[in-house]
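>>> build me a model:
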Amino acid sequence: MRIQDAQLKRFVVDAGLVPKKDLTAAEKISKDEERTLAEALIAGGFMTEDDLRRIESYVLGIPFVSLKDQKIDFEILSLIPEPVARNHNIIAFRKQEGTLEVAMLDTADLPAIDFVKKKVGLKILPRLTDTDSMRTALLQYQKTLKDEFGDIIMKESSALKVIEEEGKEMSEADLKKLAEDLPVVRIVDTLLRHAIIQGASDIHIEPMEKEVVVRYRIDGILHDAMTLPKHASGTIVARLKVLSNLKLDEKRLPQDGRFKMEMDGQKVSFRVSTLPIYFGEKVVMRLLRENRSGFNLEGMGFHGTSLERVHSAMKQTTGIILVTGPTGSGKTTTLYTILDLLNTPEVNISTIEDPIEYQMPRINQTQVKPEIGFTFASGLRSLMRQDPDIIMVGEIRDQETASLAINAALTGHLVLATVHTNSASGTVARLVDMGVETFLLASTLRVAVGQRLVRRLGEAKESYTLSASEKAELGKQVDLDKVLSVLKDEGVVKKDATWSNVPFFRPKNMDDDSAYKGRIGIHEVLTISPTIKESMMNDGTSDDVEALAKKEGMLTMLEDGIYKAAQGVTSIEEVLRVINE
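Got it, this is the predicted structure:
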């Protein structure tokens, strides 16, 4: 149940909360932009979201609670898994016989209430709360987990101590026995569970001189998660080796493996890499959440002309679609999303990958094994004999793979692949450097997509407009007029908007853990038009190709970042950080 416009207007007028001229302006915004009065009051800056929640609480008779200084019992807090709590802004804070009180920012979120009701089997009593309360409560998940981990370390520390006489080498059987002891099993399970709940993409376990540092990469940024006693290093690494089916007594050479675990119905695959360093073995684990579905190009950040160009290339039955960017920029996720859209009963799709990151139904996925001679090139040759319509190559690394991919495109296949370059226009030069013939590349390449990932702004953000000096500085790097034109064409801002009245956003407090949450792509989509083909054939440089693409309407990654900053999705500072890395 939501407060109606008439109810809200009557209450605001009676209480004198908003001057009449501001209320009139809000009503005009509501009518012109087809918004509710509540949305218009927020958009116009006449009221905050929290002000409206308190009004809603009063008018609808829903109790309002503040959780800012309230320590919630972990058993009650954890009744709602953290990902659900974060995504739906719902916190369990008080449990009584047969009932559970939950604090929410939107008590009309019935799916969230139904989910919690089914999970806990109690009657749910929704309560309204404010943004600060929600942020404080969500932080308690992390703090409680850290406390829990600290308790385990304290309790099990003595059990973990292994007498390691200088120069003594333990047998593989001894190491395996240690790795299966209860203390190390509990510590490793907690470490992995913590990483999954925090939404980490990577875990780093780094032995130092006197301690072991564990770091999580969350939304692309590494954070110190915890510090472990030095004596825990050997047994934790041994435990991870057992899980990954690696050689326990091999400490001089790097090793690679993988294992899976399931938590709260979510399957996660861990790709494990060990590396000998001065103080022991460093372990890095990449977390890959399996069976992920529901991705779409719009949700990943594609829009307008860029989206149309990708869709146009997908409709072709031949040619190459390339996605480019540094490691960790979401290239594989973009390719999987395109594959998911192309995955129909009428086509045969085969992939050659290293590693297989997401398992997809009805797609024939193959893992390369260089140690036995099964490389991208040899795998691609074999795929060509499997009657494929669509082929995905995990990465084009050398001339042989590039040539085979182009030949596949020439012989009636649609080929999707990734290449490591810094920009969409740079893919052309990169493939030519590999030894690909320019005329073959020009006739087969459909689009090149360059991308990066930027962090999304959290709820605690403030708006501002660009100063003259900020506009001048940005204008040196991007075509601001073009970005503003795209914002107008796509209806993000009004037709008469100028940069002086387009609001941008930034975190209220950069030190807050919830300043940013989640990531979205910024893209540039280069279509190989006749003029660009001509430039390629005449040995045009990457700069020449990019200049032509801009003339033909391509938004660069930086310009797309400014576009998303103007939408309030991210901040200009975050875009510049990622682009300048």
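
>>> from now on I want contacts and neighbour counts done on CA atoms only, so please keep to that.
Fine.

>>> from G299, how far out is the residue nearest the centre of the chain?
For the chain, the residue sitting closest to the mean C-alpha position, by CA atoms, centre = their mean, is R519 at 4.0 Å. Per CA to CA, to the nearest Å, R519 is found 11 Å from G299.

>>> check contacts around the residue nearest to the centre of the chain.
By CA atoms under 8 Å, 6 or more residues apart in numbering, the contact list for R519 reads D219, L453, V454, R455, R456.

>>> so where is the protein shaky, pLDDT-wise?
1-2, 142-182, 264-265, 290-295, 511-514 (pLDDT under 70).

>>> which residues in the stretch 251-400 of the chain form strands?
Using DSSP state E, counting those that start in this stretch, the strands of the stretch 251-400 of the chain run over 255-263, 266-277, 280-289, 319-324, 349-353, 364-367, 390-393.

>>> of these, which is nearest N422?
N422 sits nearest to strand 319-324 of all the strands of the stretch 251-400 of the chain, at 7.1 Å, using CA to CA.

>>> parallel or antiparallel, list what pairs with that closest one.
Note on strand 319-324: by DSSP bridges, its sheet partners are strand 414-419 (parallel), strand 445-457 (parallel).

>>> buried set for it?
By neighbour count, with 16 or more other CA atoms under 10 Å as the criterion, the buried positions of strand 319-324 are G319, I320, I321, L322, V323, T324.

>>> so what's the first one bridging to?
When bridges are assigned using DSSP bridges, the partners listed for G319 are L414.

>>> likewise the last one?
Beta-bridge pairing for T324 (DSSP bridges): V419, G450.

>>> my guess is it contacts T421. True?
Yes. Under the criterion of CA atoms under 8 Å, T324 is in contact with T421, at a separation of 5.8 Å.

>>> who touches both of those two?
Both T324 and T421 are contacted by T427, under the criterion CA under 8 Å, 6+ apart.

>>> first vs last residue of stretch 288-297, how far apart are they?
Start and end residues of stretch 288-297 are separated by 20 Å (CA to CA).

>>> thinking again about what came up before, show me the one of the strands paired with strand 319-324 that comes nearest K230.
Evaluated with CA to CA, the strands paired with strand 319-324 place strand 445-457 nearest to K230, the distance being 33.8 Å.

>>> all helices of the stretch 51-200 of the chain, in order?
Per DSSP state H, counting those that start in this stretch, the stretch 51-200 of the chain carries helices over the ranges 74-77, 82-88, 110-120, 131-160, 172-179, 182-197.

>>> each with direction, which strands does the helix or strand just after the last one pair with?
Which is helix 182-197. Downstream of helix 182-197, the next assigned helix or strand under DSSP states H and E is strand 200-207. Within its sheet, and counting by DSSP bridges, strand 200-207 is paired with strand 211-218 (antiparallel), strand 280-289 (antiparallel).

>>> and the contacts of the longest one?
For strand 280-289, the external contacting residues (CA under 8 Å, 6+ apart) are 200-207, 233-234, 237, 251, 266-276, 357-358.

>>> and the residues you listed, which are buried?
With neighbours counted using 16+ other CA under 10 Å, the contacts of strand 280-289 contain these buried positions: 200-207, 233-234, 237, 268-275, 357-358.
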